[in-house]
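Undergrad: I would like to see how this sequence folds:
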Amino acid sequence: MGHSAGGFDVTVAADLALPNEIRHIIYLAAGLPWEGHTVLDVTGGAAVRDEAGNVRITRLMENSNSISRFVRLNAQGRMVWTSKEGARECFYHDCDDETVEWAFSMLTPASTDGVHEKIHLRNFWLANLPRSYILCEQDRAMPQWLSAQVCDRLGVVPLRIDSSHSPFLSKPAELAALMLEAVDTRPVGPLRPTVHPPFV
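TA: So this is what the prediction gives:
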């Protein structure tokens, strides 16, 4: 299963694995790579390359995304959260205070290595692996239109949960039941490697 930005990771991992090693991929409020594009392309971010060839990220994501108000790059170029209340708003608004406190304490600086590199998935688009998508209906981090776009590109009908971006914290039993349901679903359409036109 890939959650949030983990959708990129699980897709790349599936591309590297032999098809018979993957039983089912679940995307939970997750992103999906565009063939031949960078993660920054998908998120609406931007980067510049200096004369020495070093890449500097100038924007992590498209500015209307609520997350962009509460994250920054530290001196090591890693993404850090600047506000517990911002994290609550984006990820945990349906969790109790104790859970928010714990979850925020677990957030560590996130690597941005590779987000400016183009992703090519030689096997994934052709493998037609079993897959599903769980959409969080109160999600403030993954816009509904973007979830709909990912579902369309995955060729799946989304399974829905009435939760924030983090149902494993706010509604773990409901999410577990939905995951069991998910592995018995099948795609209704083909995979699409990109959107037309891509947002770049």
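Undergrad: OK, contacts around the residue in the chain sticking out farthest from the centre?
TA: Distance from the C-alpha centroid of the chain, by CA atoms, centre = their mean, peaks at residue 51 (31.8 Å). By CB atoms under 8 Å, 6 or more residues apart in numbering, the contact list for residue 51 is empty. Quick note: C-beta positions are derived from backbone N, CA and C, even for glycine.
Undergrad: that one - that's part of a helix, no?
TA: No: counting by DSSP: H, G, I helix; E, B strand; the rest coil, residue 51 is not part of a helix but coil.
Undergrad: relative to residue 136, how far out is it?
TA: Using CB to CB, to the nearest Å, residue 51 is found at 44 Å from residue 136.
Undergrad: which residue is the nearest non-sequential neighbour of residue 43?
TA: Leaving aside its chain neighbours, residue 43 sits nearest to residue 61 (4.1 Å; criterion: CB to CB, 6 or more residues apart in numbering).
Undergrad: tell me, how many residues neighbour the one you found?
TA: By other CB atoms under 10 Å, 18 other residues sit near residue 61.
Undergrad: phi and psi next, for it.
TA: phi -160, psi 170 (degrees, to the nearest 10).
Undergrad: now it: how far from residue 87?
TA: 15 Å.
Undergrad: ditto for residue 144
TA: 20 Å.
Undergrad: with neighbour numbers in mind, choose between the two.
TA: With neighbours defined as other CB under 10 Å, residue 144 and residue 87 compare such that residue 87 has more, 21 against 11.
Undergrad: that one: helix or strand, and which one exactly?
TA: Using DSSP states H and E, residue 87 maps to helix 84-87.
Undergrad: using PDB, write out every CA atom in that helix.
TA: Extracted as PDB, the C-alpha positions of helix 84-87 are listed here (Å, rounded to 0.1, in the frame of the first residue of the first chain):
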ATOM      1  CA  LYS A  84       1.600  21.400  14.500                       C
ATOM      2  CA  GLU A  85      -1.700  23.200  13.900                       C
ATOM      3  CA  GLY A  86      -0.900  23.200  10.200                       C
ATOM      4  CA  ALA A  87      -0.300  19.500  10.200                       C
END
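Undergrad: which helices and strands sit right next to it?
TA: For helix 84-87, the packing partners by 3 or more CB pairs under 8 Å, 6 or more residues apart in numbering; DSSP states H and E come out as helix 97-106.
Undergrad: list the buried residues in the helix it packs on.
TA: Neighbour counts over helix 97-106 (16 or more other CB atoms under 10 Å) mark 100, 103, 104 as buried.
Undergrad: the first one and residue 88 touch, don't they?
TA: Yes: using CB atoms under 8 Å, residue 100 and residue 88 qualify as a contacting pair, with a distance of 5.0 Å.
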